[in-house]
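> Prediction below, plus the sequence it came from.
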There are 2 protein chains.
Amino acid sequence: MIYLDYNATTPVAAEVLEVMLPFLRERYGNPSSSHMAGRQAHEAIETARGQVAKLIGASPDEIVFTSGGTEATNLALRGVVLAQPDRRHIVTSSFEHPATAETCLLLERQGLRVTRVPVGSDGRVRAEEVGRALGAEPALVTVMHANNEIGTLQPIAEISRLARKKGAVVHTDAAQTLGKIPLDVDTLGVDLLTIAGHKLYAPKGVGALYVRRSTALERVLAGAGHERGLRPGTENVAGIVALGKACEIAERDLISEQMRLRGLREHLLAKLRAAVDGLVLHGHPAERLPNTLFVSFPGVHGAQLLDAVPEIAASTGSACHSGSNAACASLLAIGVDPAQAVGPVRLSLGRDTTVQGVEQAAECLASAWKRIRACSEAIAKAQRG
Amino acid sequence: MIYLDYNATTPVAAEVLEVMLPFLRERYGNPSSSHMAGRQAHEAIETARGQVAKLIGASPDEIVFTSGGTEATNLALRGVVLAQPDRRHIVTSSFEHPATAETCLLLERQGLRVTRVPVGSDGRVRAEEVGRALGAEPALVTVMHANNEIGTLQPIAEISRLARKKGAVVHTDAAQTLGKIPLDVDTLGVDLLTIAGHKLYAPKGVGALYVRRSTALERVLAGAGHERGLRPGTENVAGIVALGKACEIAERDLISEQMRLRGLREHLLAKLRAAVDGLVLHGHPAERLPNTLFVSFPGVHGAQLLDAVPEIAASTGSACHSGSNAACASLLAIGVDPAQAVGPVRLSLGRDTTVQGVEQAAECLASAWKRIRACSEAIAKAQRG
């Protein structure tokens, strides 16, 4: 299998598994217990908190561990609204991940006003359009750091500058960017930032929310006072330790891995373009994740193409939506014709991707495309005749 | 170390770790992905769903996986209230776990009426008192299956019978009972039941909610449509697989382990009573978890006693509260004098507890108690003289 679906999920890094194993074996204490077993677990969580904070330029006390990106985003958006009940306006983009989009919808049903800023045909939100949408008293601006399907990077720093002038709290979902590109919460100017472990070579079931110290936030789930009262429930110790280590590794390898992946991505694109006449790359060619291509193969539906190459694991869009044959929401959002928008394939590269892998993938995809096209043309010809 | 804090958390069983490891290594697919890697993960989740369902006499489609017991309880209580907005009355007990107590408080702040039924001096809620508290149109009755500190079992089947006559949905938190005593959702007559993996030899960070097919429930967290739309967020595949296996093992060993632990618990109690004059066992002597003792050592504070025996890992109450020196809420709830209520020690036994272990523990605890008492008496005498 050639795995080109790293945006859906990543394997757990071997180094990460190694540090989490003791917490699945002998170090099983409850971090809230006062005895030695509990204190060991507690200290491990605090070490991880420091590792996560360091990767994003934050302080350890600004990290709240959660069960994943979706919970972190729920806490961010709903926590802000609960903490400042007088501000009733949210500004977001029209192509957010369901964690954000559905939470905005829920808040809208609760009476908040939600403005959804459209996205340019290059897959980028315009900061000035966000600026114009802010109105008098925005509670919150939430725009994802990189679109999970198209892979385009968003101008979060500019958006933050405009939003904070109006006193809005700024959130970004960095699930797809953390560990792929350098990321600093002060450079971005955000108050809240979503982290998902399983996009970063940590296991599924763990994530974190960065909460700037000055940000008023209320908890969303009720229970005991874990995570400074912001997130109840016994901590997923092994998962948290894993997320910490994954952040440490990401920091160590960030620049070299970013360059390597960008090179592989361009190589894959060049090979595909050479073999597939009329291949369309969606989204801005440069302002995108180093590992992601979102491409349409002319005349062939992405799902049909991927069915024909079971040795390649890739997707037609976000894993959250796969299985559904609907037109890709991200492409509709950037104004792509619906007839074209049913077709794209997302190829996302990662730590174990090799030159040989992308070359094989390009070859398999191109030859499957040619086969399917020839077959369709033959059928069309037969029907005409 | 002699670990006697299994109610705080359990180690991950070796057999459980073994089945989860492949999902932390080569089987890393996102269960929502359509390719082979995704389908493998999806199938593993469905197998686990069947294993969890089987242990409690439910159908697989009645199991919703969550990040743990606290999230499951939030989903249960708030999900019911969201689904039937016309019913505005909740009945609960006065000594619930914070996951339930704090969620009830939150709902009370949102305008619901919450009746907290007092607990008898034997640590048991009276079903007839719950019956009297129901009123005309109760939305929900939620009483924990066993108290996590005192260890007493609650008459859930009788409570359910009364509550369902009035059309209430019935929830119970079974975090402390699942795997320790036989448990069947139909015998209990509950509609919703909370499961916490890490009390059951699965890892921290995974749990489940049983949702009877006829129960109207709305999701609490917003996002993509995982878990039949009831719980968004990429599934904690390794954790879920672990929970499934832990349930399978619990079912296999249930009766023999229950008998073994009850024998060990009685042996520990006898040893302690023989060595500690005036030892008080809190809660009903028989209607209790097979593994739990909640005892006061006369004249000595539990925290002081446990500090003197660092080789024993036990607690002065729920791990959620340890570190605080406040009087034990459960004991205050059952009418124990506050002077006595600061003192108890919870000794909870589990799969790795041995006869030698409990004998050593009894000896250590008794001799520490004697030392501290002698010391206090000497100080008191010196002060008088």
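Yep, that arrived.

> Show me the longest helix that occurs in chain A.
Determined from DSSP state H, the single longest helix within chain A is helix A:237-275.

> which element follows it toward the C-terminus?
Note on helix A:237-275: by DSSP states H and E, the next helix or strand toward the C-terminus is strand A:280-281.

> Note down every partner strand of that following strand and its orientation.
According to DSSP bridges, strand A:280-281 forms sheet pairs with strand A:292-296 (antiparallel).

> Tell me the helix or strand right after the partner strand.
Downstream of strand A:292-296 (by DSSP H and E), the next one is helix A:302-307.

> Could you check that following helix against chain B for contacts?
Yes. Applying C-beta under 8 Å from any C-beta of the partner chain, one finds helix A:302-307 touching chain B at A:A303, A:L306. Quick note: C-beta positions are derived from backbone N, CA and C, even for glycine.

> Show me where chain A has its strands.
Assigned by DSSP state E, the strands in chain A fall at A:2-3, A:63-66, A:89-93, A:113-117, A:140-142, A:169-173, A:192-196, A:207-211, A:280-281, A:292-296, A:312-313, A:345-348.

> and of those, who's closest to A:E129?
Smallest distance to A:E129 across these (C-beta to C-beta): 5.0 Å, for strand A:113-117.

> now the angle from the closest one to strand A:89-93?
Counting by axes from the mean of the first three to the mean of the last three C-alpha atoms, to 10 degrees, strand A:113-117 lies at 20 degrees to strand A:89-93.

> Can you list the low-confidence ranges for the stretch 201-350 of chain A?
Judged by pLDDT under 70, the stretch 201-350 of chain A has its weakly predicted residues at A:318-327, A:338-342.

> how about the residues of it near chain B?
Contacts of the stretch 201-350 of chain A with chain B, taken as C-beta under 8 Å from any C-beta, map to A:203-206, A:220-226, A:232-239, A:303, A:306, A:310, A:312-315, A:319-323.

> The same query, at a cut-off of 7 Å, please.
Within the stretch 201-350 of chain A, the residues that sit near chain B (C-beta under 7 Å from any C-beta of the partner chain) are A:203-206, A:221-224, A:232-239, A:310, A:313, A:315, A:319-320, A:322-323.

> cool, the stretch 51-200 of chain A as well?
Neighbours of chain B within the stretch 51-200 of chain A, by C-beta under 7 Å from any C-beta: A:S67, A:G68, A:T70, A:E71, A:N74, A:P98, A:A99, A:E102, A:T103, A:L106, A:H198.

> So which of the strands of chain A is nearest A:I379?
Proximity to A:I379 (C-beta to C-beta) singles out strand A:292-296 among the strands of chain A, at 20.8 Å.

> Can you list the buried residues in that closest one?
By neighbour count on 16 or more other C-beta atoms under 10 Å in any protein chain shown, the buried set for strand A:292-296 is A:T292, A:L293, A:F294, A:V295, A:S296.

> can you put these in TSV and add distance to A:S121?
TSV is the format used below for these (distance: C-beta to C-beta, whole Å):
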residue	distance to A:S121
A:T292	18
A:L293	17
A:F294	13
A:V295	16
A:S296	14
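
> In contact with the residue of chain A positioned farthest from its centre, which residues?
Ranked by distance from the centre of chain A (C-alpha atoms, centre = their mean), the top residue is A:G385, with 48.8 Å. By C-beta atoms under 7 Å, 6 or more residues apart in numbering or on different chains, A:G385 lies in contact with nothing.

> Mind pulling up the pLDDT for it?
In this prediction, A:G385 carries a pLDDT score of 75.

> that older thread, if we take the residues of the stretch 51-200 of chain A next to chain B, which one ends up nearest to B:S348?
Taking C-beta to C-beta as the measure, B:S348 sits nearest to A:S67 out of these, at 25.7 Å.

> Find the nearest non-adjacent residue to A:H35, please.
Excluding the flanking residues, the one nearest A:H35 by C-beta to C-beta, 6 or more residues apart in numbering or on different chains is B:A313, at 4.2 Å.

> do the same with A:Y3
A:A313 (4.7 Å).

> any idea how far that neighbour is from A:T9?
Taking C-beta to C-beta, to the nearest Å as the measure, A:A313 falls 10 Å from A:T9.

> before we move on, what about A:R351?
From A:R351 to A:T9 the distance is 13 Å (C-beta to C-beta).

> The two: which is more packed in?
Counted by other C-beta atoms under 10 Å in any protein chain shown, A:R351 and A:T9 do not tie: A:T9 has more neighbours, with 28 against 17.

> List the residues that contact that one.
Contacts of A:T9 by C-beta under 7 Å, 6+ apart are A:H198, A:K199, A:K204, B:Y28, B:G29, B:N30, B:T234.

> and the residues you listed, which two are the farthest apart?
Among those, A:K199 and B:G29 lie farthest apart (C-beta to C-beta), at 13.7 Å.

> out of the two, which sits in the more crowded spot?
A:K199 (29 against 26).

> care to break chain A down by domain?
Per automatic domain parsing, the domain ranges recorded for chain A read A:12-250, A:254-384.

> Just the terminal-to-terminal distance for the longest one.
Yep, that's domain A:12-250 we're talking about. End-to-end distance for domain A:12-250: 12 Å, by C-alpha to C-alpha, to the nearest Å.
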